[in-house]
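Enquirer: Structure, please.
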Amino acid sequence: MRKYIVLLLLFPVAIIAQNRTLQKAEKTFSKEGYVSAIQIYERLANKGIGSEEIYEKLGDANYFNANYVKAEQWYSKRYELKGKFPKEFLFRYGQSLKSAGKDKQAQEILAQYAKENPTQQRAKNQSKSLAQESIKKGSDVFTIENINTNTKYSDYSSTLKGDTLLFASARPRTLGNQIYQRTAQPFTNLYYTVKQADGNYSKAELYSKNTFSIFHEASPVFTKDGNTMYYTQNELKENNQRKVVNGRYKIYKSVKENGKWKSLGVVPIFKNDTIRVAHPALSPDEKVLYFASDAAGTSGQSDLYKIELHPDGTIGNPVNLGSTINTEARESYPFVTKDNILLFASDGHPGQGGFDIFALDLGQKGALPVHLSAPINSAFDDFGLNWNRQTNSGVFTSNRPEGQGDDDLYTFTNAKPFFEFDYNARIIGKVIDKNTSLPLANASVTLYDSSGKELARTTTNETGDFVFEKVLSDASYRTQASKETYTSNETNPSLALYQREVATTIVVDQDQYKLGNGLDLAKALSLRHIYFDLDKSNIRKDARVELEKIVEVLIQNPTIKIEIGSHTDSRQSKAYNQALSQRRAKATLDYLVKRGIAKSRLTAKGYGETQLVNQCADGVQCSEAEHQLNRRSTFVIVGQ
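Expert: So this is what the prediction gives:
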């Protein structure tokens, strides 16, 4: 009996000890001390004290430290217990399965996640058509090489200045060698190394004591003249202990004076001290600063933003880059190439696992992120791509297992033909005889843009087909077909962004008129009114569309001559109207001559108000529509 009493007394003690251990683990986890938290949770799990909470926390702690393979092991144990999962669980589990090489299972879990969270951008991205892949021209295949200066510690977030490579590293140092509890490695500082003749890099040295902090520095970016640097640093609070606010990264600015860096302190992008701001990148013209932040309104853990940099040193207001780029997950580490391509890391867009690198054309409205191929991307974290598009080489960071340690730096070169965006598409078409429904060979087809500018001409083949190559997508066009003894007709094909091809059919009818003297081509071709601005005689853009039909008839019938007549309504004086109409007729003649019609085939005559088509003479009350009937152009055949 005494034995049982002892056991009963010990059992509550064990529960109390277990609860204290669990509380300690939770407290450590909440402070982002993930390495220590993992050790405590694992001790509990190895004692057989497994639970939904412990497995989730072990998965999360490893996930947040980018130990995705280990995270997958614990997430799998949690998944086996079923029940209700936290909001982020399925997404992180799916990403971890990718890193563990379990792609089929990853797809199933992410499909389950998308089904349970249909309104999330990440869910939409999982099922989104990757039409943007088709705009990649050339190769996004790269040759990569691990840099010899990497260590077993985290080496990441680089920038290139000629042969000098600047990067952040957690390697031990002599100055303030403190440990970052999240990773159990030293805080990172800026180092530099120089590329040698043999292709290797020199021993890494601390970059500048004037930019040094006892806490994190990372992701430097420089202006073209090399005299201004933006970089990420933990903000130090002004108190006796110089204590850092945990995780409150800010962007700092330093300027070079007399060969030494002088810190100008935090760039005041947001007023709120609790907002994290990190990883600056400059636009090619250095007028815009891109960065990552968790500011209010952010879609997920971090979004990409931009802010204008003014010449007087002031800055504009931060702007979120929107849902095309940002998701409910992480978007970070932006970089902008000289040809205005935004490169960034994300684990919210469909990728291979962990952070993946995406490219987006900032010069194309509505462009979507494009996923770069292996070996740039892997099943692990890949980020911080710095790409010199002139030499098609650069540096990026990855924590893939074949590296030398934690995060490693990799150089890369882009294989020929070099990667670029290509929005070229084509318009294919057919010309059909309206009466016979048969293809019409040897018809002339002209392509115009939306403003009426001629872009190209071609002729249909024996099956009535034509094609216009290398037209841009995300645009509208006009195709006009004409042939002798046929009335010309047109269609208006348009292409959406990323659409590679559009088909159109132009149906033309036999002429219902003879090209004889006295025929007004404006009536025969059913031309819309050729308008002029009030009191002006220059040819407007909308008038050019109609005049091109006259051009086609004159080209197809090189022997006919026409008189260009310009008519006005009865308002204004007869003399004024006569002079105005003569100017307009001459402007029309000049346009046709510029389009290649011989001047000897053309005459221009202004009729003023002498040939009204209705009763609207001087003193007669008429509506605007009735007056408009008199403001017309005629193109009468006067000889062959």
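
Enquirer: Adjacent strands (with direction) for whichever strand or helix holds residue 233?
Expert: If you go by DSSP states H and E, residue 233 is part of strand 228-236. Take DSSP bridges as the rule and strand 228-236 pairs in its sheet with strand 217-222 (antiparallel), strand 244-257 (antiparallel).

Enquirer: all helices in the stretch 401-550 of the chain, in order from the N-terminus.
Expert: All helices of the stretch 401-550 of the chain, identified by DSSP state H, counting those that start in this stretch, fall at 521-524, 541-556.

Enquirer: what's the neighbour count on residue 319?
Expert: By other C-beta atoms under 10 Å, 11 other residues sit near residue 319. C-betas here are computed from N, CA, C, even on glycine.

Enquirer: Please give me every residue in contact with it.
Expert: 305, 306, 307 (C-beta atoms under 8 Å, 6 or more residues apart in numbering).

Enquirer: Contact partners for the residue nearest to residue 141 when sequence neighbours are not counted?
Expert: Leaving aside its chain neighbours, residue 141 sits nearest to residue 415 (4.7 Å; criterion: C-beta to C-beta, 6 or more residues apart in numbering). For residue 415, the residues meeting the contact criterion (C-beta under 8 Å, 6+ apart) are 139, 141, 142, 143.

Enquirer: Mind checking which of the residues you listed are in strands?
Expert: 142, 143 (DSSP state E).

Enquirer: Need the contacts of residue 415 in TSV (columns: pLDDT).
Expert: What follows is the contacts of residue 415, written out as TSV (pLDDT from 0 to 100):
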residue	pLDDT
139	79
141	81
142	90
143	93
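
Enquirer: Considering the contacts of residue 415, which possesses the most neighbours?
Expert: Each of the contacts of residue 415 was scored for neighbours by other C-beta under 10 Å, and residue 142 scores highest at 24 neighbours.

Enquirer: Specify the beta-bridge partners of that one.
Expert: Listed by DSSP bridges, the beta-bridge partners for residue 142 are residue 414.

Enquirer: Wait, it touches residue 410, no?
Expert: No: the pair residue 142 / residue 410 is not scored as a contact, 9.2 Å apart, by C-beta atoms under 8 Å.

Enquirer: rewinding a little: need the winner for burial among the strands paired with strand 228-236.
Expert: Using mean count of other C-beta atoms under 10 Å, the stretch among the strands paired with strand 228-236 with the largest mean neighbour count is strand 217-222, at a mean of 24.

Enquirer: tell me how far that strand is from the chain's mean position?
Expert: Mean C-alpha position of strand 217-222 versus that of the full chain (C-alpha atoms, centre = their mean, to the nearest Å) differs by 23 Å.

Enquirer: same check, this time on stretch 340-352
Expert: When distances are taken as C-alpha atoms, centre = their mean, stretch 340-352 is centred 10 Å away from the chain's centroid.

Enquirer: what does stretch 463-481 give?
Expert: Relative to its parent chain, stretch 463-481 has a centroid offset of 26 Å by C-alpha atoms, centre = their mean.

Enquirer: got the CA positions of that stretch in PDB?
Expert: Provided in PDB are the C-alpha atoms of stretch 463-481 (Å, rounded to 0.1, in the frame of the first residue of the first chain):
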ATOM      1  CA  THR A 463      -5.400  29.300 -99.600                       C
ATOM      2  CA  GLY A 464      -6.300  32.900 -98.600                       C
ATOM      3  CA  ASP A 465      -4.100  32.800 -95.500                       C
ATOM      4  CA  PHE A 466      -1.900  35.600 -94.100                       C
ATOM      5  CA  VAL A 467       0.300  36.100 -91.000                       C
ATOM      6  CA  PHE A 468       1.900  39.000 -89.200                       C
ATOM      7  CA  GLU A 469       4.800  38.000 -87.100                       C
ATOM      8  CA  LYS A 470       6.400  39.800 -84.100                       C
ATOM      9  CA  VAL A 471       3.400  41.900 -83.000                       C
ATOM     10  CA  LEU A 472       3.200  42.800 -79.300                       C
ATOM     11  CA  SER A 473       0.700  41.200 -77.000                       C
ATOM     12  CA  ASP A 474      -1.400  43.300 -74.700                       C
ATOM     13  CA  ALA A 475      -2.500  45.500 -77.700                       C
ATOM     14  CA  SER A 476      -5.300  46.000 -80.200                       C
ATOM     15  CA  TYR A 477      -4.900  46.100 -84.000                       C
ATOM     16  CA  ARG A 478      -6.800  46.600 -87.300                       C
ATOM     17  CA  THR A 479      -6.300  44.300 -90.300                       C
ATOM     18  CA  GLN A 480      -7.700  45.600 -93.600                       C
ATOM     19  CA  ALA A 481      -8.000  43.400 -96.700                       C
END
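
Enquirer: for it, what is the average pLDDT?
Expert: When pLDDT is averaged along stretch 463-481, the result is 94.

Enquirer: and the gap between the closest residue to residue 553 other than its chain neighbours and residue 97?
Expert: In space, residue 553 comes closest to residue 521 once its chain neighbours are excluded; the distance is 5.9 Å by C-beta to C-beta, 6+ apart. In this structure, residue 521 and residue 97 are 71 Å apart, going by C-beta to C-beta, to the nearest Å.

Enquirer: How about residue 87?
Expert: Separation of residue 87 from residue 97 (C-beta to C-beta) stands at 18 Å.
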